[in-house]
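>>> Sequence plus the predicted model coming up.
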Amino acid sequence: MSRFFTTGSDSESESSLSGEELAPKPVGGNYGKQPLLLSEDEEDTKRVVRSAKDKRFEELTNLIRTIRNAMKIRDVTKCLEEFELLGKAFGKAKSIVDKEGVPRFYIRILADLEDYLNELWEDKEGKKKMNKNNAKALSTLRQKIRKYNRDYEAQITSYKQNPEQSADEDAEKNEEDSEGSSSSDEDEDGLSATSFLKKKSEAPSGESRKFLKKMEDEDEDSEDSDDDEDWGSDSTSSDSDSEEEDGKYTVLASKFLKKESTTEKKAAEKKREDKAKKKHEPRKSKRLDEEEEDNEGGEWERVRGGAPLVKEKPKMFAKGTEITHAIVVKKLNEILQARGKKGTDRAAQIELLQLLVQITAENNLGEGVIVKIKFNIIASLYDYNPNLATYMKPEMWQKCLDCINELMDILFANPNIFVGENILEESENLSNFEQPLRVRGCILTLVERMDEEFTKIMQNTDPHSQEYVEHLKDEARVCAIIERVQRYLQEKGTTEEICRIYLRRVLHTYYKFDYKAHQRQLAPPEGSSKSEQDQAENEGEDSAVLMERLCKYIYAKDRTDRIRTCAILCHIYHHALHSRWYQARDLMLMSHLQDNIQHADPPVQILYNRTMVQLGICAFRQGLTKDAHNALLDIQSSGRAKELLGQGLLLRSLQERNQEQEKVERRRQVPFHLHINLELLECVYLVSAMLLEIPYMAAHESDARRRMISKQFHHQLRVGERQPLLGPPESMREHVVAASKAMKMGDWKTCHSFIINEKMNGKVWDLFPEANKVRTMLVRKIQEESLRTYLFTYSSVYDSISMETLSDMFQLDLPTVHSIISKMIISEELMASLDQPTQTVVMHRTEPTAQQNLALQLAEKLGSLVENNERVFDHKQGTYGGYFRDQKDGYRKNEGGYMRRGGYRQQQSQTSY
């Protein structure tokens, strides 16, 4: 083999140069012949011979370069792939690493990659913008690098403490190693570990956020290092050859090798050194300055990792610009033009508007301009969340409330400022103080939006957390703002605006129980003085008086049906909540809302359902069980009370809706502090049904045409009957079923013990404002209905029974027993007569025979057939009326109550007397 092709090996080059007898040989002739026989491709593949160390290290540096490029473009997936390849390549180089030690460039990439991933992980906004693959790769790679770096913790720590020194030592070490090796260690396309270290020592980096800054410098340095390494001279051993040998070798080798002049080489080295010094000097000076500061002031504490750079606020106006109204308005329009555009920083926009307010105040441009900017600040706060479903952050919410209060302060302090949405921007007056200032903007719209945002905040907060309580405290501020806007609009607003703000006030009042007014209704304690009573009475306006005043104004002035409908429903709800049953009932009947409520929008329908439920609960508190049952029947019989009241969505209904419909439904939900207790509601309904259904079942036990008053109540009875083992009742429903069975037997005491006990008190009855009054009413109702049930069930057993016995049995006074029995006889429910002198009830045996029972059943079937025939005929004619129309509703239409057997009883009474 010729000597030209053996220069790639260190040992061969040294041995060839050490023997002088080889130098004068006419080997040069071979140089002239041999290259002529080789193609260019053969030259490329055969003239470079590298050691195993250089091959492995070159493979590592190429992978590291790819990782750094991926880091620059934030391609975490690529980083993960290359890191896995890097780990495999490092495993192959383990034998070399054991001899030489872990290379510095490998420690550097591990430290830099970990810092880079930590920075990406802490950047919450950046993580949200990542695609799915990058986000997944980030978490995977972060876990892998943390686990991997534990084996190199000491080296990484020393590198992070002094990254510049580590890079310099690494470069020097590799230069010393390269002195004994060939200069042709790399391909024209490749990059050696030495050149990589040189490049990195010129631009050392301790933190991952500086990768982007190094991009240009690294590219320039890599070009220089490529030139230097690819076309560099031989090792120092080859440089020590004689001039004669150099002359002989380079005469023909110059045809194939590119040679650099020594001056160019020195200039390139000097250039690299200058660059490295320039980059090292500011860091060192910065470190020295920090140390001096630490020494001077004992208060300062050094923070590792560095704080983010504080950007200077953009200057609103050029230096020396005269601030006038026109310039401020122009600047305001410039800021607002970016509103809603993609990529606009909404927080920065709000800060700019607030800065503009400060500049306006400093230059005394008047309150008109400030009001205009304040309107836009509040609108920008509302637009901070572009998605309608999301709610405002707490800090933005507090800013919004403060800003509205400041705006109201300005408007109250300056009566000459007129605001309105009907004022055109061309007709605004912001600078002429001789005339009233006119500003475009609607304070009412801002307050309505504020109220909606408050509702969204309450809807999206966990109702069982302390955070909900903290948010609920803000309702006092919201109500105060609404009250201030109400006073302002009463002076300067139109009738329509006053109706809208009155409705907002009503919506924040109707569901609250007025405890102060309730206490004033009760008798004042004897020990209280007159002054204390006067003080208590003058504490504030009663909510009843306030609701009356606001709602009557809306009834008289409102031109839109929706506001009037909402006001009526809120007024009825408030009446019912405070046990004013007759006012609430009369207002509901006079409004005729039940006729066309199905055409209203869903929020109004939810309010109607809530009002009807409250009306039923009010009737129950008054002891009007039939009215309570009728009011609650529609809501409870549907089985969707939770959904109809806007207090949650049912799982089975969620399957019927798509995602968009579900979002719309969730936005209609009522906040938790407005909820009606569903267990209380069901208990009231079932107890009312029990008090109606059990006597009715006893009276019509043998009636084939008996109708159910409450399907839900019968369902609960059937569920109770199916249970194979009856234990003591646990749930509220089981208590009602057990009480119903006891009442059916006429055992009012057992019924009373199941309905009113500690468990039921805690679940239901203690939730009423006047719990003792409700319990007293309930006991009396149980006694009366148990008496009626007893008479219906056991009347066939008695010939006569004393009213005193009944009075003692059911612990009712004699007049009450007399009244109940008289009503039953008058309504022909009980076939008996009263013997006044002896105070006894004499029973009449008027039970029909089997033949008469069959005849009655036939007559009823024929009657239903005729009714159906009449209905079909009238349907064809287009009208439906006549005799059967009055009887089609059966039990509900009859004024006397339970009159299904009245016809037959009446005929028998005529014949018997």
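Done, it's in. Numbers count the residues shown, from 1 in each chain.
>>> quick one: low-confidence parts of the stretch 251-400 of the chain?
251-268, 275-316, 318, 320 (pLDDT under 70).
>>> Give me the contacts around stretch 690-702.
The contact list for stretch 690-702 (Cβ atoms under 8 Å, 6 or more residues apart in numbering) reads 625-626, 629, 706, 708-710, 713-714, 736, 739-740, 743-744, 781-782, 785, 788-789, 792-793, 829, 853, 891, 898, 900-901. C-beta coordinates here come from the backbone N, C-alpha and C atoms, glycine included.
>>> Let me fix that, I meant to ask about stretch 709-724.
Contacts of stretch 709-724 (Cβ under 8 Å, 6+ apart): 629, 633, 636-637, 639, 685-686, 689-690, 692-693, 696, 708, 726, 733-734, 736-738, 740-741, 891.
>>> So which residues of the stretch 401-550 of the chain form strands?
Per DSSP state E, counting those that start in this stretch, the stretch 401-550 of the chain carries strands over the ranges 417-420, 437-440.
>>> what sits against R56?
Residues in contact with R56 (Cβ under 8 Å, 6+ apart) are 89, 92-93, 96.
>>> Same check on S740?
Counted by Cβ under 8 Å, 6+ apart, S740 has contacts 690, 693-694, 713, 717, 751.
>>> Where do the helices of the stretch 301-450 of the chain begin and end?
Applying DSSP state H, counting those that start in this stretch to the stretch 301-450 of the chain gives helices spanning 325-337, 346-362, 367-382, 394-413, 443-459.
>>> Report the angle between the last one and helix 367-382.
Translated: helix 443-459. With axes from the mean of the first three to the mean of the last three Cα atoms, to 10 degrees applied, the angle from helix 443-459 to helix 367-382 works out at 30 degrees.
>>> Show me where this structure has its strands.
For the chain, applying DSSP state E gives strands covering 417-420, 437-440, 800-802, 832-835, 840-843.
>>> and for the first one, what are the contacting residues?
Counting contacts by Cβ under 8 Å, 6+ apart, the residues outside strand 417-420 that touch it are 367-368, 371, 375, 410-411, 436-443, 492.
>>> Would you mind putting the CA coordinates of it into PDB?
C-alpha atoms of strand 417-420 as PDB (Å, rounded to 0.1, in the frame of the first residue of the first chain):
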ATOM      1  CA  ILE A 417     -73.100  63.600  31.700                       C
ATOM      2  CA  PHE A 418     -75.700  61.800  29.700                       C
ATOM      3  CA  VAL A 419     -75.100  58.200  28.500                       C
ATOM      4  CA  GLY A 420     -77.300  56.100  26.200                       C
END
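>>> quick one: strands adjacent to it?
If you go by DSSP bridges, strand 417-420 pairs up with strand 437-440 (parallel).
>>> again with the third one
Looking at strand 800-802 with DSSP bridges, its partner strands are strand 840-843 (antiparallel).
>>> Including distance to N62, mean pLDDT and mean neighbour count, could the strands of the stretch 401-550 of the chain go into JSON lines?
Output for those, formatted as JSON lines (distance: least, Cβ to Cβ, whole Å; pLDDT from 0 to 100; neighbours: other Cβ atoms under 10 Å):
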{"stretch": "strand 417-420", "distance to N62": "68", "mean pLDDT": "85", "mean neighbour count": "18"}
{"stretch": "strand 437-440", "distance to N62": "65", "mean pLDDT": "84", "mean neighbour count": "20"}
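>>> for those, which one sits closest to K128?
Nearest to K128 among these is strand 437-440; the distance by Cβ to Cβ comes to 36.3 Å.
>>> quick one on the thing from earlier: put the buried members of the contacts of stretch 690-702 into a ChimeraX selection.
The following ChimeraX line selects those of the contacts of stretch 690-702 that are buried, judged by 16 or more other Cβ atoms under 10 Å:
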select :625,629,709,710,713,736,739,740,743,744,781,782,785,788,789,792,793,829,891,898,900,901
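>>> which ones among the contacts of stretch 690-702 are found in helices?
Counting by DSSP state H, these place 625-626, 629, 713-714, 736, 739-740, 743-744, 781-782, 785, 788-789, 792-793, 853 in helices.
>>> quick one: stretch 85-105 to chain centroid distance?
On the basis of Cα atoms, centre = their mean, to the nearest Å, stretch 85-105 sits 50 Å off its chain's mean C-alpha point.
>>> which of the residues in that stretch are buried?
85-86, 89-90, 93, 96-97, 103-105.
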